[in-house]
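**Q** the following comprises the amino acid sequence and a computationally predicted model.
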Amino acid sequence: MTTTPSRGRRRAPSRIERAAGKAAALQKPRVILAGLLLLALTSVMLLDGYLRAEVGGDQRVRTGASASKVPDDILDGGPILTFRGGQATTVSVPDKTIALTFDDGPNPTWTPQVLEILEKYDVPGTFFLVGSMVSRYPGVVKDMVEQGNEVGIHTFTHVDLSYQSDARVDREMEQTQLALAGAAGITTTLFRAPYSSETDAIDNYSWPVYQRLGEDGYTSVFVDTDSDDWKRPGVSDIIKWATPEDGKGASVLFHDAGGERSQTIAALPTYIKKMKAAGYTFTTISGAMQEERAAARESSGQQQAAGAGATDEAAAGAAGAADGAVGGLQAAHREATGVPLYEGKALVAAVAVAEWTVPTLSVGLAVVGVAVMGRFGMMLVLARRHHRKRNRRRFSWGPTVIRPVSVIVPAYNEKECIANTLESLARSTHPIEIIVVDDGSTDGTSEISREAAEALGMTNVRVIRQENAGKPAALNNGVRKAGCDIVVMMDGDTVFEPDTVRHLVQPFADPKVGAVAGNAKVGNRNTVIGAWQHIEYVMGFNLDRRMYDLLRCMPTIPGAIGAFRRDAVLEVGGMSEDTLAEDTDITIAMHRAGWNVVYQEHARAWTEAPGSLKQLWSQRYRWSYGTMQALWKHRKSLTDKGPSGRFGRVGMPLVVLFQIVTPVFAPLIDVFTAYSMIFIDFRAALLAWLAVLGVQLVCAAYAFRLDREKYRYLLMMPLQQLAYRQMMYLVLIHSCITALTGGRLRWQKLKRTGEVGTPAGVS
């Protein structure tokens with residue numbers, strides 16, 4: 001019977017059309033969201049790499065440079081360099097006074113132990129902090145400041161500033177100040193350059209850096225007594241090297257980070273007790289400067305009172321010089337307020353996210369990597385076993401199936417392809433009846449079908465026309481009209497080989513078999529996109545189906561070629577409109593009803609794959625989202641008993657792991673690989689990527705061998721991994737976002753060209 005759409009007044013949009021319009025309106029924002037997620041991940045990785053000096057790291061350290069441009073009084077001066085009033089002046093630590101300084105922190109292991117020792121002995125310290133470490137361990141810095149210690153800047157990434165541009169120097173300082181603001185609500189005027197030592201080590205390259213920072217109000221701090229604890233020479237040597245000579249004052253250097261610091265922790269209490277016993281007092285760098293300032297003023301006052309050989313002008317000059325050396329200096333900390341405070345808190349928060357995200361992703365990627373390799377190994381082993389089992393000389397499904405079957409061809413605007421489809425069926429070596437269900441086509445598909453059947457002399461073709469209701473409705477209509485107990489379903493853009501139907505129905509000799517999946521192949525494989533899909537079909541689909549067949553949990557019978565017992569289809573309610581992947585939905589339903597679903601590799605169908613990236617995206621988006629819908633619909637199989645429970649506890653986890661979770665995280669592997677190539681170790685990362693590619697090539701080559709395909713297409717595989725695979729990952733992420741946001745997407749018709757003709761023309 002043929003029905004036609006009603007004519008007359010313009011009809012209102014159907015529910016399906018309204019849903020499709022809504023989905024189209026939501027699709028672009030979801031694509032943008034998927035892109036933003038990937039961008040956010042990349043940004044987090046770059047931030048984490050920057051914190052760990054993987055991104056922007058510079059290991060250069062300048063040595064042996066000339067100091068001809070550095071003033072002698074600076075080279076011979078004290079360890080504290082100021083630029084008050086634009087004039088470079090050094091300050092020494094007063095006699096019998098120690099400014100205890102620590103570099104390279106904070107460290108979550110060693111710094112708290114140092115703070116505990118300082119608090120126990122009531123000794124203040126001055127900590128020169130690396131900004132990246134501050135942002136990673138803000139709590140340690142907050143405790144440090146609240147305990148009364150002083151902090152200074154040791155750059156953000158611990159680079160030698162003499163090699164850096166002015167912009168990089170400014171960035172190193174500003175980012176560290178922001179980190180301090182976010183961690184402890186302060187900024188500081190103290191600075192110590194990485195790899196610096198005493199003032200006599202200042203050279204022509206570092207001197208301009210100190211001058212520039214001095215103009216910005218920074219006080220640069222050097223060392224005149226170095227414990228060399230970083231060398232780990234032993235506790236006694238650390239104490240000896242940290243002891244000033246002849247009762248002199250000193251800026252003493254220890255380290256609370258940058259390596260294993262157990263010797264420093266062991267030496268520090270003994271050192272403090274020894275120096276106190278020798279009459280020393282401990283202070284901060286600011287405290288030492290204030291003491292020196294007070295001493296200079298007192299000396300200046302005594303000279304004025306004595307008036308011995310000095311004019312009033314000379315005395316004033318001396319006092320001014322002393323004041324210039326240390327005058328105007330006060331505690332180095334400044335309270336952070338306003339925008340810098342909130343920027344600092346934002347930085348600390350962003351780093352906290354990176355600190356949590358990247359390690360978590362690393363663990364996840366390790367799991368994914370193991371799963372991917374496990375999948376490849378499982379596919380190879382099970383595919384080989386499947387091939388040997390099904391191709392044994394004595395293998396048989398049972399008595400040869402010779403009774404006629406019904407071939408259902410749902411078609412919507414398939415004028416380019418439908419004639420080729422019918423022509424291929426006309427060559428079938430198995431008796432068939434053909435039911436073309438025209439789902440409201442507007443391009444004359446039904447008329448073309450009748451004309452093609454008449455031209456080919458095919459009397460076994462029925463063309464049924466219905467109002468547009470979607471592919472599931474068309475298939476259900478065909479099943480109801482079928483006159484045979486076995487129905488073969490194929491797409492309107494697909495062509496069969498002469499023996500395809502005969503091979504496809506033989507498994508029904510086994511009464512336990514309810515459905516059979518055929519071997520779908522890409523017919524238009526002579527383009528780059530077609531070749532990529534050809535590799536995917538042979539390796540990713542058919543090799544998988546062999547594995548799932550042996551495990552008795554086949555998740556999908558392809559819409560391009562599948563066969564069912566008619567009664568079994570009706571038993572499970574027919575093709576459902578609940579999901580976009582009606583083929584996956586019906587397959588899972590067959591499992592849950594207790595039927596076996598198998599794969600017949602010799603039943604080949606040639607289908608027209610999407611010819612553009614846009615069409616490909618649309619198709620795969622529908623597939624992946626529809627698969628998620630089907631899995632969610634049948635989620636109760638996880639707790640069912642019998643065959644339904646078997647699929648739920650074996651098939652469903654495998655599908656979720658291999659078709660959703662692994663592909664979703666797979667882009668991260670590529671991102672991490674690219675990250676490693678650029679910022680860490682190019683050679684090691686490249687070798688790792690090539691090793692994974694090699695494993696995939698082995699699997700693909702074996703799949704091509706089983707399907708008797710030409711190996712030349714595998715030359716496209718490296719490019720497929722770089723481009724095509726990324727698109728598939730984005731599609732899946734897009735689908736996940738759609739699922740999580742509760743979006744709906746209806747059937748989307750792909751544009752066909754009809755370039756896939758008879759199988760002989762594409763083999």
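**A** Ah, there it is. Residues are numbered from 1 along each chain as shown.
**Q** drop to CA atoms for contacts and neighbour counts, all remaining ones
**A** Noted.
**Q** pLDDT weak spots in the chain?
**A** Low-confidence segments of the chain, defined by pLDDT under 70: 1-31, 33-35, 38, 54-55, 296, 298-330, 666-667, 737-763.
**Q** pull the longest helix from the protein.
**A** helix 338-390 (DSSP state H).
**Q** send me the following helix or strand past it as CSV with only the CA atoms.
**A** The first helix or strand that comes after helix 338-390 along the chain, using DSSP states H and E, is strand 405-411. What follows is strand 405-411, C-alpha atoms only, in CSV (Å, rounded to 0.1, in the frame of the first residue of the first chain):
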residue,chain,number,x,y,z
VAL,A,405,14.5,-13.5,3.4
SER,A,406,13.1,-10.0,3.4
VAL,A,407,15.5,-7.1,2.7
ILE,A,408,14.3,-3.8,4.1
VAL,A,409,15.7,-0.6,2.6
PRO,A,410,14.6,2.6,4.5
ALA,A,411,15.1,5.6,2.3
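**Q** helices and strands around the next helix-or-strand element following strand 405-411, which ones?
**A** Downstream of strand 405-411, the next assigned helix or strand under DSSP H and E is helix 418-426. Judged by 3 or more Cα pairs under 8 Å, 6 or more residues apart in numbering; DSSP states H and E, the packing partners of helix 418-426 are helix 445-455, strand 494-496.
**Q** distance of the nearest residue to Val501 once chain neighbours are set aside from Arg620?
**A** Spatial nearest neighbour of Val501, excluding adjacent residues (Cα to Cα, 6 or more residues apart in numbering): His430 at 6.2 Å. Per Cα to Cα, to the nearest Å, His430 is found 33 Å from Arg620.
**Q** what do you get for Ser676?
**A** 30 Å.
**Q** my read: Thr90 touches Leu81, true?
**A** Yes: with contacts counted by Cα atoms under 8 Å, Thr90 reaches Leu81, the gap being 4.4 Å.
**Q** common neighbours of the two, please.
**A** Ile74 (Cα atoms under 8 Å, 6 or more residues apart in numbering).
**Q** could the helices and strands packed on helix 418-426 go into TSV alongside distance to Leu37 and mean neighbour count?
**A** Formatted as TSV, the helices and strands packed on helix 418-426 follow (distance: least, Cα to Cα, whole Å; neighbours: other Cα atoms under 10 Å):
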stretch	distance to Leu37	mean neighbour count
helix 445-455	43	18
strand 494-496	37	30
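**Q** ok, which of those comes nearest Ser424?
**A** Of all these, strand 494-496 sits nearest to Ser424, with 5.5 Å by Cα to Cα.
**Q** which helices and strands does the closest one pack with?
**A** helix 418-426, strand 596-607.
**Q** show me what that strand pairs with in its sheet, parallel or antiparallel.
**A** strand 596-607 (antiparallel) (DSSP bridges).
**Q** show me the residues around the most centrally placed residue in the chain that make contact.
**A** Nearest to the mean C-alpha position of the chain, by Cα atoms, centre = their mean, lies Leu668 at 3.1 Å. Counting by Cα under 8 Å, 6+ apart, Leu668 makes contact with Leu365.
**Q** before we move on, what about Ala53?
**A** So Ala53 contacts Thr157 (Cα under 8 Å, 6+ apart).
**Q** isn't there a strand covering it?
**A** No: according to DSSP: H, G, I helix; E, B strand; the rest coil, Ala53 belongs to no strand; its state is coil.
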